[in-house]
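Enquirer: Sequence plus predicted model, see below.
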Amino acid sequence: AAEWRVPPFSGEIRDGYLWGRGAIDMKDTVAVMLATARHFARTGTRPAREIVLAFLADEEAGGKFGAHWLVEHRPELFAGVTEAIGEGGGFSYALDDTRRLYPIENAQRGMAWMELTAAGRAGHGSSPNDENAVTDLAESLTRIGRHTFPVRLIEPVRALLAEAARLQGVDLDLDAEDLDAELAKLGHVADFMQVVLRNSANPTMFTAGYQTNVIPGRATARVDGRFLPGHEQELIDTIDALLLPSVSREWVNHDIAMETSFDGPLVDAMCAAVRAEDPDGHPVPYCNPGGTDAKAFTKLDIRCFGFKGLKLPHDLDYGRLFHGVDERVPLEGLRFGVRVMTRLWQDC
């Protein structure tokens, strides 16, 4: 909290922004939905179709006690629901000084959070030990953390890159052998998309020992693994190949990747709502590098999209604010979102 310019739980309004933890992940989406619902209730307006509003806890921890619980124990609450929109997309991304992409999520990477355990031989810290659990686990984590997975262009990613190239007037060959050189033609758009070009695995936690002069017989660590739709087994096989023989793994949270086609009346309505409010906006399909409650609702055969309708200032580094210091959302962006969502509910 000391690193923040405002108290992180104050909800302070300053300099045209609403500041606070969760402002963009994802209280902004909640605010837009609630404000739209309030407007419909106050004016007596009826949406074009029946809408179920679901506000759920536990998404950051995988949704075990939120969305997944409801899908497993109370699926009747969603009877007749064929499509869903939530967080994860529909925010603006500056293409240049005047034009913006609006990546609408229609895919997500899967979640593979795992715990690694190294079993070794306990001993005194002053003695040689070639079965040191800390050493074996550290080496395994280093191999995982420094590994670069191969590029796998799934359809939503390919479509976004192709549209960005068209808008920029760039001749782009997405089947080129040297894909990195091709993507470099897109400048900052390529940087924005790096996170969804491949699987990933990052060590995040390490626990071992209780005393400086004692070599522990056991060490554990956590790894955040993510996989693209259709590439789960590649992630698992790669992790297993990188682990030393003394290191085993088990799942902490293992959830699906998802993808739906970028078509149909709802997609058309989302795109139309954005274009109506921002003529320089260009909706495109998008793969969310993380995950949302959509993973649960997909199991009910509900087509899920990420769409918050948020217009952002070009100088705001939106991606770095997620779970970050000085998280904030522009007030005008929220007002824009309510206008977009109102159009969507009226037309979808």
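Expert: Structure's in. What do you need? Residues are numbered from 1 along each chain as shown.
Enquirer: Only C-alpha atoms from now on, for both contacts and neighbour counts.
Expert: Noted.
Enquirer: Counting neighbours, which bits of stretch 339-348 end up buried?
Expert: Across stretch 339-348, burial judged by 16 or more other C-alpha atoms under 10 Å covers 339-345, 347.
Enquirer: Rebuild these as JSON lines, extending it with distance to Pro279 and secondary structure.
Expert: Shown next, in JSON lines, are these (distance: C-alpha to C-alpha, whole Å; DSSP: H, G, I helix; E, B strand; the rest coil):
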{"residue": "Arg339", "distance to Pro279": "14", "secondary structure": "helix"}
{"residue": "Val340", "distance to Pro279": "12", "secondary structure": "helix"}
{"residue": "Met341", "distance to Pro279": "16", "secondary structure": "helix"}
{"residue": "Thr342", "distance to Pro279": "17", "secondary structure": "helix"}
{"residue": "Arg343", "distance to Pro279": "15", "secondary structure": "helix"}
{"residue": "Leu344", "distance to Pro279": "16", "secondary structure": "helix"}
{"residue": "Trp345", "distance to Pro279": "19", "secondary structure": "helix"}
{"residue": "Asp347", "distance to Pro279": "18", "secondary structure": "helix"}
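Enquirer: Reformat the residues you listed as JSON lines; add pLDDT and distance to Leu77.
Expert: Output for the buried residues of stretch 339-348, formatted as JSON lines (pLDDT from 0 to 100; distance: C-alpha to C-alpha, whole Å):
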{"residue": "Arg339", "pLDDT": "97", "distance to Leu77": "28"}
{"residue": "Val340", "pLDDT": "98", "distance to Leu77": "26"}
{"residue": "Met341", "pLDDT": "97", "distance to Leu77": "23"}
{"residue": "Thr342", "pLDDT": "97", "distance to Leu77": "24"}
{"residue": "Arg343", "pLDDT": "97", "distance to Leu77": "25"}
{"residue": "Leu344", "pLDDT": "97", "distance to Leu77": "22"}
{"residue": "Trp345", "pLDDT": "95", "distance to Leu77": "20"}
{"residue": "Asp347", "pLDDT": "90", "distance to Leu77": "24"}
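Enquirer: what's Leu344 in contact with, if anything?
Expert: Counting by C-alpha atoms under 8 Å, 6 or more residues apart in numbering, Leu344 makes contact with 269-270, 273.
Enquirer: PyMOL command to pick out the buried ones of those residues?
Expert: The PyMOL command for the buried members of the contacts of Leu344 (criterion: 16+ other C-alpha under 10 Å) is given here:
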select buried, resi 269+270+273
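Enquirer: Which of the contacts of Leu344 sits closest to Leu172?
Expert: Distance to Leu172 across the contacts of Leu344 (C-alpha to C-alpha) is lowest for Met270, with 27.1 Å.
Enquirer: tell me the contacts of the closest residue in space to Asn213 that isn't next to it in sequence?
Expert: Leaving aside its sequence neighbours, Asn213 sits nearest to Gly125 (C-alpha to C-alpha, 6 or more residues apart in numbering; 4.2 Å). By C-alpha under 8 Å, 6+ apart, the contact set of Gly125 is 212-215.
Enquirer: now do 10 Å
Expert: Neighbour list for Gly125: 211-216 [criterion: C-alpha atoms under 10 Å, 6 or more residues apart in numbering].
Enquirer: Are any of those buried, and if so which?
Expert: Taking 16+ other C-alpha under 10 Å as the criterion, what is buried in these is 215-216.
Enquirer: Report the secondary structure element holding the nearest residue to Ile239 once chain neighbours are set aside.
Expert: Leaving aside its sequence neighbours, Ile239 sits nearest to Ile144 (C-alpha to C-alpha, 6+ apart; 6.9 Å). Using DSSP states H and E, Ile144 sits within helix 133-145.
Enquirer: Let's test this: mean pLDDT of that helix, rounded?
Expert: What helix 133-145 shows for mean pLDDT is 98.
Enquirer: before we move on, what about stretch 301-314?
Expert: Model confidence over stretch 301-314, given as mean pLDDT, is 95.
Enquirer: Ends of that stretch, what's the gap?
Expert: Terminal residues of stretch 301-314 lie 37 Å apart, using C-alpha to C-alpha, to the nearest Å.
Enquirer: mind listing what's buried in that stretch?
Expert: For stretch 301-314, by 16+ other C-alpha under 10 Å, it's 302-312, 314.
Enquirer: Of these, just say which sits nearest to Val196.
Expert: Distances from Val196 to these, taken by C-alpha to C-alpha, are shortest for Gly306, at 15.3 Å.
Enquirer: quick one: contacts for the closest one?
Expert: 29, 84-91, 103-108, 285-288, 292, 294.
Enquirer: Out of the helices and strands in this structure, which is least certain?
Expert: Every helix and strand in the chain was compared by mean pLDDT, DSSP states H and E; the lowest is helix 318-321, with a mean of 84.
Enquirer: elements contacting it?
Expert: Judged by 3 or more C-alpha pairs under 10 Å, 6 or more residues apart in numbering; DSSP states H and E, the packing partners of helix 318-321 are strand 328-330.
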